[in-house]
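S.K.: Next one to model:
(one chain, ligands or ions: 1)
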Amino acid sequence: MQTEFSKGINIIKDLCVQFNTIHIDPLERKWIAISLMIVGLFVGIITIDALFHGINPPSKVETIDSASLHLSQEFAEDNLGVQVDDKGAVIIRMVAGRYSFFPKHVDVPAETPLTFRWVSMDVLHGVHIPMTNMSTMIVPGYVAEISTTFPKPGEYPLLCNEYCGLGHNHMWSNISVIAKEDWHAPVKSHVKGEQQ
Ligand SMILES: [Cu+2]
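M.R.: The predicted structure is shown next:
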């Protein structure tokens, strides 16, 4: 009895035989081979990135009620900004609303893994940090999360890149990246009522 694997091999063999019987111009054959190699290259890059560098599309969908952010445990006004959790992870929580990011300015350490969490309190916004690979949409009703590390100190603007209304071009914030040794964790390092 044939196994599924050998059946598959036979199908591929048949396809190859059929392919060889079709007349294809040698130049066309070359271009088919080049196209397949390019596709193979990209699939290879995606596979290597996924397996060895942990680069995957976001699969975690986290919802939140945009209308009651101020009453929520995590995004209440007191909990916004930079915080260090019990495990020592640096988490930055920001709310986007027409036409600003709250808080307007944050200090974060360089060379340290950071987790940014954004929510929108009204319409669709975006967040983009020029000269870095950080960019995401902030969809009302969902939490947008990005993990990143800034390699060196500096000032980074944080811009809204989704048109959100007449004041859209004034919607920006600022991130100061401070040398790791000069950065001090904020005194308040506990999120009230956060579920662990
Ligand atoms: Cu905007």
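S.K.: where does this structure come near the ion, residue by residue?
M.R.: Contact residues (C-beta under 5 Å from the ion) of the chain with the ion: 160, 164, 168, 171. From N, CA and C alone the C-beta is placed, and that goes for glycine too.
S.K.: Correct me if wrong: the second one contacts residue 137.
M.R.: No: with contact defined as C-beta atoms under 8 Å, residue 164 and residue 137 do not form a contacting pair (11.0 Å).
S.K.: care to break this structure down by domain?
M.R.: Domain ranges of the chain: 4-52, 66-182, per automatic domain parsing.
S.K.: quick one: which of the residues of the chain next to the ion is most hemmed in?
M.R.: residue 160 (25 neighbours; other C-beta atoms under 10 Å).
S.K.: need the contact list for that one.
M.R.: Contact analysis of residue 160 by C-beta atoms under 8 Å, 6 or more residues apart in numbering lists 96, 99, 101, 125, 126, 127, 128, 168, 171, 172.
S.K.: Quick check: the farthest pair among those?
M.R.: Spanning the widest gap among the contacts of residue 160 are 99 and 128, at 15.2 Å by C-beta to C-beta.
S.K.: On the three-state scheme, residue 82 is what?
M.R.: Secondary structure assignment for residue 82 (DSSP: H, G, I helix; E, B strand; the rest coil): strand.
S.K.: should've said residue 91
M.R.: Classification of residue 91 using three-state DSSP returns strand.
S.K.: Quick check: it vs residue 23, distance?
M.R.: 62 Å (C-beta to C-beta, to the nearest Å).
S.K.: Between those two, which is the more surrounded one?
M.R.: residue 91 (20 against 6).
S.K.: Can you spell out which residues form a bridge with the more buried one?
M.R.: residue 83, residue 115 (DSSP bridges).
S.K.: Quick check: it vs residue 31, distance?
M.R.: Taking C-beta to C-beta as the measure, residue 91 falls 50 Å from residue 31.
S.K.: before we move on, back to that, format the domains of the chain as JSON lines; extra columns: mean pLDDT.
M.R.: Output for the domains of the chain, formatted as JSON lines (pLDDT from 0 to 100):
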{"stretch": "domain 4-52", "mean pLDDT": "90"}
{"stretch": "domain 66-182", "mean pLDDT": "90"}
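S.K.: from those domains, which stretch is densest packed?
M.R.: domain 66-182 (a mean of 16; mean count of other C-beta atoms under 10 Å).
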